[in-house]
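# Got a predicted structure plus its sequence, pasted below:
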Amino acid sequence: MLANKYDVIVIGGGLAGLRAAIEAQAKGASVLIVSKLHPLRSHSGAAQGGVNAPLANNPEAKDDTPEKHAYDTVKGSDFLADQDAVQLMTATAPEIIYELEHWGCPFSRTDDGRIAQRPFGGAGYPRTCYGADKTGLYMLHTLYEQVIKRNITIISDFFVTALIVEGDTCYGVAGIDMVKGRIETIVGHSVIVATGGAGRVYGKSSNALTSTGLGMALAYWVGAPLKDMEFIQFHPTGIIYKHILMTEGCRGEGGYLVNSKNERFMQKYAPSKMELAQRDIVSRSIATEIEQGRGFTARDGSGYVHLDMRHLGAEKIMERLPGVRDICLEFLGLDIVKEPAPIQPVQHYTMGGIDTDVNGATSVRGLYAAGECACVSVHGANRLGGNSLLETLVFGKLSGLAAARYIADVKQKSYIPQNLIANISRFYESNFKRITNSKGEEKHRVLKNELNETMDKLVGIFRTAQDLQAALAKVKTLKERFNHLGPPQDGLKFNYDILTHLELEANIDVAEAVIVGALKREESRGSHSRKDFPARNDKDFLKHTLVYYRAKGEVDVQYRPVAMTKYQPEERKY
Ligand SMILES: Cc1cc2nc3c(=O)[nH]c(=O)nc-3n(C[C@H](O)[C@H](O)[C@H](O)COP(=O)(O)OP(=O)(O)OC[C@H]3O[C@@H](n4cnc5c(N)ncnc54)[C@H](O)[C@@H]3O)c2cc1C
């Protein structure tokens, strides 16, 4: 057990966690970041395309405003985003981007030295600020430098597997220090979960293998509901076999989508926006082309279409999209300067997550969440590209602020119960022994593969009640089989066998929340497309889904109205 008591413990060293830590410390809190990866290896570093802010720097975006950004975001969300949260995010966007610029983030520039902005899907103006195609990496380095400058303590390779909660209050975290090979508990007055998305519940995903959803499950298991989990974003352009992303910037810079008949098929589906229609629309269009026989067939039997960038020319590709060129050279052995890229839609983003208010507060006292693991909600049923990096900054900052304010209050009133931590440690260790002493024969990798295949096949771009019911039945059997896993290998030092074992339970529970939400939402909205309910149904479903974890692993589904301000739902056309 660590004796240290921190005011704020941040789980996760990605963009949301780093921004939260900076803010909490700036407000006087003592802050600890624990992260299973070194912060600079966080998944945020994979973000290529850019971050949205209505700076009006592009000559074609002179009239851009936070209000227009808000409208595009709400329309993009298929009217499921909370409009107060969206307006807060877009109003804060310019100042938070300029702050990052002043901290040294190397954004690409216009000829007159301002932050350059490129077009992205679903946006009325070119509003996406970028650093070539390495925006997330540049942002991550910039925030990490600020964390180091402020002497904020970081423990990397610390894998959190439980939150310490008594009654309705969170008092810290428990997990494995992988370097020391020890189970540890760390106490704190408040905890911010910033653990990223749950993409790896799917097999065909653009997400890092580390985006497993465990952080979401940690909050879910202690009483915070998961919100809108059925809304899984499929990105239109993952490369075949590897599912690595070709950023939306490829289409923003002018790349075309072409089917096997050499047709620019987006003409049929979104004539005014073409390839820059929103991700849900482009993904469904590609899936339809493939389903109707106008795709190509890959060696693994899956369908694909072409993303053609040859007409952009070598110079533009090398300047604006060097990273995606490297990815295609490295993983497919083809040069996008000379050949089109074979792409197919892949799981990309978890629009749902831990239910929070605009300050990152959950329903558990002292527990906050920010970034992709959280659902504020600003993305609703479909996220605009470039808005999630913005979300990490804005709501990372706000959750750090709120956590610091909360501790100022609790420090005076109460203190962490003395015997709680010892009890938790004992419970945790005995629970751990149960796993290591287990006599079962199931293997976690087999269960994980079956879960991934189920999600890919039955909970994909197009859904039906029949498929979702089959997926739910499968998940229930996986839950039962989880109890019969064999013991992991001995030892705790960098023992990924144990970590994968521990994560699997979270994977299964998070997947169940996705499926249950999808089954009960009998309409099509944004990324959630039901073949058996093809229309959006505002009368019955203009509401958020809240899935609660209950005793014995049961789930309870409730709903909450969407926060509306000035934008009335309208049909989404592009
Ligand atoms: C390929 C790709 C490209 C993208 N491009 C863009 C883009 O151009 N623009 C845009 O807006 N969005 C983009 N996104 C989305 C965006 O990158 C992510 O939503 C965002 O970076 C998430 O940041 P985060 O801080 O919430 O989480 P992450 O960056 O994923 O960080 C999570 C952190 O939590 C830690 N962690 C997780 N679990 C635990 C645990 N149990 N114990 C301890 N630590 C833990 C990890 O170590 C990590 O430090 C892209 C996503 C992908 C997959």
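Here it is on my side, so go on.

# by contact count, what packs against the helix or strand hosting Ala471?
According to DSSP states H and E, Ala471 maps onto helix 465-482. Contact here means 3 or more Cβ pairs under 8 Å, 6 or more residues apart in numbering; DSSP states H and E; on that basis helix 465-482 packs against helix 444-458, helix 496-520. Where you see a C-beta, it was placed from the backbone N, CA and C, and this is true even at glycine.

# and among those helices, the most buried is which?
Of all the helices and strands packed on helix 465-482, helix 496-520 carries the top mean neighbour count, a mean of 22, counting by mean count of other Cβ atoms under 10 Å.

# what about that helix, distance to the chain center?
15 Å (Cα atoms, centre = their mean, to the nearest Å).

# same check, this time on stretch 132-145
Distance of stretch 132-145 from its chain centroid, counting by Cα atoms, centre = their mean, is 17 Å.

# related to what we said a few turns ago, run through who's touching the helix holding Ala471.
Helix 465-482 is contacted from outside by 442, 447, 450-451, 454-455, 457-459, 504-505, 508-509, 511-512, 515-516, 518-519, 522, 530, 532, 553, using Cβ atoms under 8 Å, 6 or more residues apart in numbering.

# Now do that helix, average pLDDT.
Averaged across helix 465-482, the pLDDT comes to 97.

# could you give the angle of it to helix 496-520?
Calculated by axes from the mean of the first three to the mean of the last three Cα atoms, to 10 degrees, helix 465-482 forms an angle of 150 degrees with helix 496-520.

# Buried residues, helix 465-482. List them.
Buried residues in helix 465-482, counting neighbours by 16 or more other Cβ atoms under 10 Å, are found at 467-468, 470-472, 474-475, 478-479, 481-482.

# just stretch 279-295 next, same as before
Result for stretch 279-295 [16+ other Cβ under 10 Å]: buried residues 279-290, 295.

# Pick the one among those residues closest to the ligand.
Distance to the ligand across these (Cβ to the nearest ligand atom) is lowest for Arg279, with 11.0 Å.

# my read: that closest one touches Gly386, true?
No - between Arg279 and Gly386 there is no contact under Cβ atoms under 8 Å: 11.2 Å.

# Quick check: neighbours shared by those two?
Contact criterion Cβ under 8 Å, 6+ apart; residues shared by Arg279 and Gly386: Glu248.

# Which residues are in contact with the closest residue to the ligand within the stretch 351-500 of the chain?
Nearest to the ligand, among the residues of the stretch 351-500 of the chain, is Gly371, at 2.3 Å (Cβ to the nearest ligand atom). Residues in contact with Gly371 (Cβ under 8 Å, 6+ apart) are 12, 14-17, 194-196, 391-392, 395-396.

# Also near the ligand: which of these, exactly?
12, 14-17, 194-196, 392 (Cβ under 6 Å from any ligand atom).

# Looking at the residues you listed, spot the one nearest Gly301.
Lowest distance from Gly301 to the ones next to the ligand among the contacts of Gly371 (Cβ to Cβ) belongs to Gly196, with 30.9 Å.

# Check whether the closest one really touches Gly12, as I assumed.
Yes - between Gly196 and Gly12 there is a contact at 6.5 Å, judged by Cβ under 8 Å.

# Find the residues that touch each one of those two.
What both Gly196 and Gly12 touch, as defined by Cβ under 8 Å, 6+ apart, is the set 42, 215, 371, 373.

# which one of those has the most neighbours?
Gly371 (34 neighbours; other Cβ atoms under 10 Å).

# quick one, phi psi at that residue?
Dihedral pair for Gly371: phi 90, psi -160, per degrees, to the nearest 10.

# now do Gly293
When read as degrees, to the nearest 10, the backbone of Gly293 gives phi 90, psi 10.

# State the distance from it to Ala370.
The span separating Gly293 from Ala370 equals 44 Å under the rule Cβ to Cβ, to the nearest Å.

# And for Lys227?
Taking Cβ to Cβ, one finds Lys227 at 14 Å from Ala370.

# the more surrounded of these two?
Legend: neighbour count by other Cβ under 10 Å for Lys227 and Ala370, higher for Ala370 (36 against 23).

# So which bits of the stretch 401-550 of the chain are right by the ligand?
Residues of the stretch 401-550 of the chain lying near the ligand (Cβ under 6 Å from any ligand atom): none found.

# Report pLDDT for the residue in the stretch 401-550 of the chain that the ligand sits nearest to.
Closest residue of the stretch 401-550 of the chain to the ligand, Cβ to the nearest ligand atom: Glu503 (7.8 Å). What the model reports as pLDDT for Glu503 is 93.

# Enumerate every residue touching it.
With contact taken as Cβ under 8 Å, 6+ apart, Glu503 is in contact with 212, 214.

# what's the spacing between it and Lys448?
According to Cβ to Cβ, Glu503 and Lys448 sit 9 Å apart.

# try Gln25
Computed as Cβ to Cβ, the Gln25 to Lys448 distance reads 37 Å.

# hang on, the earlier thing: what's the closest of the buried residues of stretch 279-295 to Ala81?
Within those, proximity to Ala81 (Cβ to Cβ) peaks at Asp280, which comes in at 13.6 Å.

# hang on, that closest one packs against Ser524?
No - in this structure Asp280 lies outside contact range of Ser524 using Cβ under 8 Å: 9.6 Å.

# before we move on, the earlier item: reformat the buried residues of stretch 279-295 as a markdown table; add distance to Gln48.
Shown next, in a markdown table, are those (distance: Cβ to Cβ, whole Å):
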| residue | distance to Gln48 |
| --- | --- |
| Arg279 | 14 |
| Asp280 | 20 |
| Ile281 | 21 |
| Val282 | 17 |
| Ser283 | 18 |
| Arg284 | 23 |
| Ser285 | 22 |
| Ile286 | 19 |
| Ala287 | 23 |
| Thr288 | 26 |
| Glu289 | 24 |
| Ile290 | 24 |
| Gly295 | 24 |
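
# Run a quick neighbour tally on Gly491.
By other Cβ under 10 Å, the residues close to Gly491 number 11.
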